[in-house]
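Peer 1: Build the 3D model from these lines:
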Amino acid sequence: MRSRGFTIVEMLIAIAVLALLIFAVCDAVSHTVHLGALDLSRAGAARTSTALETRMSEEARSATSVFVPALDVLGQNNAGTSAHEVDFYRKLPGGSDAYVAYRFDSGAGTVTRYDYTLTGSTPQTTDADISASGILSFVPQAIDVGASGDVVGGSQIVPVSVYYGRAQSAGGNGVVVVSIMSGSAAGAPSRSSVLHLAAKSMPTDFAELVSSSSPPPHTGLHTVTFMVIPKVIKGVWHGGGPDGGWNDIHSVALSGSATFIGDGGDNVNWFDVSSQEPVLESGLYNLHNENGQNFQLSISCLDESCPQFVPLPQNIPGAPKGLVIFKTSQ
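Peer 2: Numbers count the residues shown, from 1 in each chain. Model (predicted):
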């Protein structure tokens, strides 16, 4: 007996059905892979900005101060509407200072973390790594804690500043608000968030620990009166008040005092100071003289903060006698 085979028509129908099945399976697999890639892209975009927020929050947790510097770590303008960097300062157990900066590069869409130290007022970077990419905007703003809107009765909270030797890195109860927006990627929507950063390592109370023994005699304390004038003055020195005194110079001059504290301050000169701190402002500085003896220098101005000035005495014809004259740095 002969078995019956497939006709040509039956073969064509079978091939067509098989092709449809293969197409359906391939389409389902392709759709699944596409959805998986889209989910990964969305998760990756979220992780980038979320990881940045988490990392900065951890920085604040161990920071003594969170602040927005006037110049960024590369020396570019970081004030007002140009702000694109937030910095963290901490005082290490050994007494040294440590600084960290998160700087946004709008051209590259990245936020880079920098470790840096300060030589005078100039940052010297020691390490850098990209913390986030695909960032559209990164805007930090320093505000009082009462203005954050996150504290009940915030308007009753008095702003507190704790000074650590440099005015711009002062700590306290201030808050830095950072607005972050990440871009869309591979179908993932853009994401925006607002992060509130405040120094967490600042204690709520201060305790001064002293020895029960008598303190050593305090020596090397002397004060020098100085005046800060603009870097460029048009014309000759002149008085502006009815008496023509140096206090009445159309408010172009600001008087202040420099107090040298410690044994190493007995024979100090301004060249010792300027070699270690090219620019001074209000605050307390730990320095040493040419013999290696340590001393502290306290800088203050009458009724307001001193502007940044170069601690090199100037010879100004007609200037008041008995005063050291400095010029502002800018």
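Peer 1: Work out which residue lies at the spatial centre of the chain.
Peer 2: The residue lying closest to the centre of the chain (CA atoms, centre = their mean) is Asp87, at 2.1 Å.
Peer 1: what about the closest residue to Gly109 other than its chain neighbours, distance to Tyr99?
Peer 2: Leaving aside its sequence neighbours, Gly109 sits nearest to Ile135 (CB to CB, 6 or more residues apart in numbering; 5.3 Å). C-beta here means a position set from N, CA and C on the backbone, and glycine is covered the same way. Distance, Ile135 to Tyr99, using CB to CB, to the nearest Å: 22 Å.
Peer 1: Can you read off the pLDDT for Ala170?
Peer 2: If you check Ala170, the pLDDT there is 76.
Peer 1: before we move on, what about Leu254?
Peer 2: For Leu254, the pLDDT comes out at 82.
Peer 1: same deal with Thr259?
Peer 2: pLDDT, Thr259: 87.
Peer 1: Sheet partners, orientation included, of the host helix or strand of it?
Peer 2: Using DSSP states H and E, the element containing Thr259 is strand 254-261. Note on strand 254-261: by DSSP bridges, its sheet partners are strand 222-229 (antiparallel), strand 294-301 (antiparallel).
Peer 1: Could you list the low-pLDDT ranges of the stretch 201-330 of the chain?
Peer 2: The model of the stretch 201-330 of the chain has pLDDT under 70 over residues 201-220, 233-252, 264-268, 303, 318.
Peer 1: let's see it at 80
Peer 2: 201-222, 232-253, 262-269, 289-292, 302-304, 316-323 (pLDDT under 80).
Peer 1: Including distance to Arg191, could the strands paired with strand 254-261 go into a markdown table?
Peer 2: Formatted as a markdown table, the strands paired with strand 254-261 follow (distance: least, CB to CB, whole Å):
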| stretch | distance to Arg191 |
| --- | --- |
| strand 222-229 | 47 |
| strand 294-301 | 45 |
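Peer 1: and those strands as CSV, adding distance to Ile325 and mean neighbour count?
Peer 2: Below are these laid out as CSV (distance: least, CB to CB, whole Å; neighbours: other CB atoms under 10 Å):
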stretch, distance to Ile325, mean neighbour count
strand 222-229, 5, 17
strand 294-301, 14, 18
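Peer 1: Now do the contacts for the residue nearest to the residue nearest to the centre of the chain when sequence neighbours are not counted.
Peer 2: Nearest residue to Asp87, sequence neighbours excluded (CB to CB, 6+ apart): Ala101, at 4.7 Å. Listed by CB atoms under 8 Å, 6 or more residues apart in numbering, the contact set of Ala101 reads Pro69, Asp72, Val73, Glu85, Val86, Asp87, Phe88, Arg113, Tyr114, Tyr116, Pro123.
Peer 1: again, 6 Å this time
Peer 2: Val73, Glu85, Asp87, Tyr114 (CB atoms under 6 Å, 6 or more residues apart in numbering).
Peer 1: Just give me the closest of those residues to His222.
Peer 2: Checking the contacts of Ala101 against His222 with CB to CB, the nearest one is Asp87 at 34.7 Å.
Peer 1: On the three-state scheme, the closest one is what?
Peer 2: Here Asp87 is strand, with the state taken from DSSP: H, G, I helix; E, B strand; the rest coil.
Peer 1: So it is in contact with Pro69, correct?
Peer 2: Yes - applying CB atoms under 6 Å, one finds Asp87 in contact with Pro69, separated by 5.4 Å.
Peer 1: quick one: Pro93 and Ser137, what's the gap?
Peer 2: Pro93 is 37 Å from Ser137, by CB to CB.
Peer 1: what does Leu323 give?
Peer 2: Using CB to CB, Leu323 is found at 48 Å from Ser137.
Peer 1: same deal with Leu92?
Peer 2: The spacing between Leu92 and Ser137, counted by CB to CB, is 33 Å.
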